[in-house]
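>>> Sharing a sequence plus its predicted fold:
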Amino acid sequence: MIDIQGLDVVFGHGHKAFHAVRNVSLAVEKGQSFGLVGESGSGKTTVLRALAGLLDRVATVSGVMTVAGETLQQQRSQAFRRRVQMVFQDPYGSLHPRHTVDTILSEPARVHRLDRIEERVVAALEEVGLNASFRFRYPHQISGGQRQRVSVARALITDPDIVLLDEPTSALDVSVQAEVLNLLMRLKREHGLTYVLVSHNLAVVAHVCEALSVMQNGEIVETMGVQQLREHSSSMPYTQQLMTASLGYDRGAIDAFEEFGQ
Amino acid sequence: MTTLTVRDWLLAEVPHSKTQARCQRIFISWLAFKRNPVAMIGLLIIISLIAVALLAPWITASDALELDLANRLQPPGSEHWLGTDELGRDILDRIIWGSRITLYIVGLVSIIVVPIGLVIGIVAGYIGGWVDTFLMRLTDIFLAFPRLILAMALVAALGPGLENAVLAIALTTWSPFARIARAEALTIRNSDFILAARMQGVSTAGILSRHVAPLCMSSVIVRLTLDMAGIILTAAGLGFLGLGAQPPTPEWGAMISLGRQYLIDQWWVPTMPGIAILVVSLGFNLLGDGLRDVFDPKSGG
Amino acid sequence: MSDSPLLRVEDLHVTYNTPTGLVQAVKGVSFELGREKLGIVGESGSGKSQTGRAILGLTAPGGEVRARRLEFEGTDLLHADNRTMRRIRGGGISMIMQDPKYSLNPVMTVGKQIEEAFLIHSNDSKREAYRRTLEMLRAVKIREPERVYRAYPHEVSGGMGQRIMIAMMMIPEPSIIIADEPTSALDVTVQLQVLAVLDDMISERGMGLIFISHDLNLIASFCDRILIMYGGQVMEECNAAELEQAQHPYTRGLLDCLPRLDGSQHELSVLRRDPAWLETRGETS
């Protein structure tokens, strides 16, 4: 479904150039949940945004990316914009503060000239567990978890095949996170969606994904099936250290931590 | 009975339409604004200005243009509350008629300046690159002109008159609005909701008009009300120099200009229109401060 | 002396007067802190940060703090005058906050800020301050203390910034540190390294630590005792080692809804909030 070969992303020019992503290749099958894991600065979000086509004015992107058989050009096609949607990390920042939920949800339908817009909006709200009373509220009138549900609803309006998820629950309370993760899993099953999930939280990835790549400093360190992650087995020391750190505070283990340099 | 229903509609827990939601938001902003007594004074002054201008034919005794030389330079008294000027015209009436001109100037300048500044600013801020550079240098050129010099140049080219004065003021006033709109657009353009709009396939024009512009409006409006005082004073200054409204039009600045030679012995002749300018400028300033507190409570004191 | 608690909090209330009515951020919280690591865990709005701030008298304007007892090493914090509070803040109880970007002064070098923290609470010379600052930077495992001394906050990484905060807060030798989400903005390996530094210093100096966080797993593995807060009240208090045997349905709910690294859940169980938890409880033990 998604195939990335030799992706390179460079911000800036000349001696100030910053190589955010180096030679990243990965493949995601149809209906799969693929995780991109790493610490800050690893390039995982950059890969997602490069795939989404959101970097065209700010970075130089090279490499070949294919989505559902279509090779991606610098300008994404309308078909791509229908097929691929994204859910962002910050529930406060991803909804326009002056737009009602109804406006936010109808916009994609209008842009793609879909029919029966009102029906779609109400249906999308119901799918994410929000009733029609939310339609004309403003983002500041609803909670963080509800905002994130609206983001998910917005991603569903065009009936996409692929949803890119950029740390969708990192900014939420743990109890709300559980609800949103359950929602995402259910929607994936019901709509046969393909997910690419970026997260720094290994437990979330272990729960949601079937395969993952670990990134560091713009490169892929290791690609593995989720079983390896769940069994805490990896051949790469960086991945091992990340897994150990995710288990919690262990004074003895910390002394053994290495600096995996820049 | 009807008032109760309207208020209920405005305070309803769940809005049932976009219009209702928008009205509710405005209503809540209004409640916040109302809590500021100084801002309410500003609003009152501006409403009075508008009321006075609208009701001019009914509240004035004369059309303030006819000469009555026998009555010239009368001090304020029971017949002429603010006195008469050097041509015997009632000053109060002239001020009331002059309010229409003030509103005309202010309105016309606003209509020209806000759209131009907003559009140039958000296009420059959002698109960036050479478009930004070009538009900002253009803005800088106009920013560099002292208002009065440009006005005089325009008047030399086009001839004196109120419309030309308005044009001159507009041309020197739009630049700061472009800068403000650009600054807001720069902040907004990397927001997640803009990225989300791009993800949806919204065109650049769509993003600018539906996403960026609404967020820049409040800063621009606040700046406009705060600049209003300056606009009025510039118009008055042009009138003072004889470049704006021509006699016998009762423009407040022109009144001060013609009356200044009487300042010592017949102080009311230039002073009354001066007070009018002061009050209206103050009104706009207070209103602007109040609006800023409602729209962006974090900025300034 | 080493047996009596450093801090005694009894029936603490923090109430805010807002345009929409009274908001009770903290409703009757009681606990004691000895030379140990106490974790206060809760979701947003639980009142955990407000509790920490109330102890130091840093409640935002508009908030009212009441308690039956709020005592630090015998001193009454509730009725202390400004001079006493200034002495205690930093010198007795210190606070580390979440993001060094916002809590370090961006226009002063790191070294100057740490020196300032030292000189406020002592009468020593500038030379002594310089010496102690370098010593402190070494103690928080910063490898080139002279270079970092001259650096500005924006020039150092997040993890180093937090270690600098720790140095700054430890240098006046307080008895208690209150850490409010000190590692939430950091990567997971850096988080643990920073906590290790904090852990070592606290044990060496026999200090008390109040660690406020939303991360139940982290607190359970780092702290000795845990307080679980919800709706401004303490729902449960237990030893970190016994967390799995927690009784209160809220605690159990939180534990159950966490995704696990071994991927053992099919669907995450969802916390069912019982409105009864919000009712004002009596004294808990």
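Perfect, I can see it now. Numbering: from 1, shown residues only, chains lettered A, B, ... in the order given.
>>> just the helices in the stretch 201-301 of chain B please.
Per DSSP state H, counting those that start in this stretch, the stretch 201-301 of chain B carries helices over the ranges B:204-206, B:213-240, B:252-259, B:268-295.
>>> Revised request: answer the last question for the stretch 151-285 of chain C.
Counting by DSSP H, counting those that start in this stretch, the helices of the stretch 151-285 of chain C are C:158-170, C:188-205, C:216-222, C:249-257.
>>> Can you tell me which of those is most buried?
Highest mean neighbour count among these (mean count of other CB atoms under 10 Å in any protein chain shown): helix C:158-170, with a mean of 25. For every residue, glycine as well, the C-beta is placed using N, CA and C.
>>> relative orientation of that one and helix C:188-205 in degrees?
Relative orientation of helix C:158-170 versus helix C:188-205 (axes from the mean of the first three to the mean of the last three CA atoms, to 10 degrees): 20 degrees.
>>> What is the three-state secondary structure of whatever residue of the stretch 1-150 of chain C ends up closest to chain A?
Nearest to chain A, among the residues of the stretch 1-150 of chain C, is C:E43, at 4.1 Å (CB to the nearest CB). With DSSP: H, G, I helix; E, B strand; the rest coil as the basis, C:E43 sits in coil.
>>> With just CA atoms, put stretch C:161-179 into CSV.
Below are the C-alpha coordinates for stretch C:161-179, written out as CSV (Å, rounded to 0.1, in the frame of the first residue of the first chain):
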residue,chain,number,x,y,z
GLY,C,161,18.8,21.9,31.2
GLN,C,162,16.9,19.9,33.8
ARG,C,163,20.1,18.8,35.4
ILE,C,164,21.1,22.5,35.6
MET,C,165,17.7,23.1,37.3
ILE,C,166,18.5,20.4,39.8
ALA,C,167,21.9,21.9,40.5
MET,C,168,20.3,25.3,41.0
MET,C,169,17.7,24.0,43.3
MET,C,170,20.0,21.8,45.3
ILE,C,171,22.8,24.3,45.8
PRO,C,172,21.1,26.2,48.8
GLU,C,173,20.8,22.7,50.4
PRO,C,174,17.1,22.5,51.0
SER,C,175,15.6,19.6,52.9
ILE,C,176,12.8,19.0,50.5
ILE,C,177,12.5,19.1,46.7
ILE,C,178,9.1,19.4,45.0
ALA,C,179,9.4,18.2,41.4
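>>> Just the closest residue of the stretch 51-200 of chain A to chain B, please.
A:R81 (3.4 Å).
>>> quick one: pLDDT of the residue of the stretch 1-150 of chain C closest to chain A?
Predicted confidence (pLDDT) for C:E43: 90.
>>> returning to that earlier point: any idea which of the helices of the stretch 201-301 of chain B gets closest to C:R272?
helix B:213-240 (38.8 Å; CB to CB).
>>> you'd agree the residue of the stretch 51-200 of chain A closest to chain B is up against B:Q200?
Yes - counting by CB atoms under 8 Å, A:R81 touches B:Q200, with 6.5 Å between them.
>>> residues in contact with the residue of chain A found nearest chain C?
Closest to chain C within chain A is A:G248: 3.3 Å, counting by CB to the nearest CB. By CB atoms under 8 Å, 6 or more residues apart in numbering or on different chains, the contact set of A:G248 is C:N217, C:L218, C:A220, C:S221, C:F222.
>>> mind putting the residues you listed in JSON lines, pLDDT and distance to chain B included?
Shown next, in JSON lines, are these (pLDDT from 0 to 100; distance: CB to the nearest CB, whole Å):
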{"residue": "C:N217", "pLDDT": "89", "distance to chain B": "28"}
{"residue": "C:L218", "pLDDT": "91", "distance to chain B": "27"}
{"residue": "C:A220", "pLDDT": "92", "distance to chain B": "33"}
{"residue": "C:S221", "pLDDT": "92", "distance to chain B": "33"}
{"residue": "C:F222", "pLDDT": "93", "distance to chain B": "32"}
